[in-house]
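S.K.: take a look and give me a structure for this.
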Amino acid sequence: MITPENKIINEIHGCIVCANLFNVLAVYTLDGKLLDCTVTSPGGHIVQNDKRLLVACDTHTAEEIEPAHKRVLSTSSKEIDDEQGDE
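M.R.: Model prediction:
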């Protein structure tokens, strides 16, 4: 639920397929959990993901987005493992 205590932030995110940049309006809880988001630039949409905010161009097909999405998820998992190994 969006409340006055949440943080509303304008962010820039790149398409996971081609890196084209989009403006995104995101709502976070005070502890940093993403509540909701929307692409405010024309030509892009949110790619559903529980772990992080991802964007893709409307012109890309599902066949292009799916492998890019898997690549981003595998990169995210590796970064988390690397951070835990540094501790």
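S.K.: ok, the residue nearest the centre of the chain to Glu63 distance?
M.R.: Compute the mean C-alpha point of the chain, and by CA atoms, centre = their mean the closest residue is Leu53, 1.7 Å away. Per CB to CB, to the nearest Å, Leu53 is found 22 Å from Glu63. All C-beta spots, glycine's among them, are computed from the backbone N, C-alpha and C.
S.K.: do Lys70 as well
M.R.: From Lys70 to Glu63 the distance is 12 Å (CB to CB).
S.K.: okay, these two: which has more neighbours?
M.R.: Set Lys70 next to Glu63 and count neighbours by other CB atoms under 10 Å: Lys70 wins out with 11 against 7.
S.K.: which stretch of helix or strand covers the more buried one?
M.R.: helix 62-86 (DSSP states H and E).
S.K.: contact partners for the residue nearest to the centre of the chain?
M.R.: Neighbour list for Leu53: Glu11, His13, Val24, Ala26, Leu34, Cys37, Ile46 [criterion: CB atoms under 8 Å, 6 or more residues apart in numbering].
S.K.: 7 Å - rerun?
M.R.: His13, Val24, Ala26, Leu34, Cys37 (CB atoms under 7 Å, 6 or more residues apart in numbering).
S.K.: is it true that the first one touches Asn20?
M.R.: No - the pair His13 and Asn20 does not pass the contact test of CB atoms under 7 Å, sitting 9.9 Å apart.
S.K.: what is the burial count for Ser41?
M.R.: Count around Ser41 with other CB under 10 Å applied: 13.
S.K.: in stretch 4-15, what's buried?
M.R.: Neighbour counts over stretch 4-15 (16 or more other CB atoms under 10 Å) mark His13, Cys15 as buried.
S.K.: now the residue nearest to the centre of the chain: how far from Lys33?
M.R.: 12 Å.
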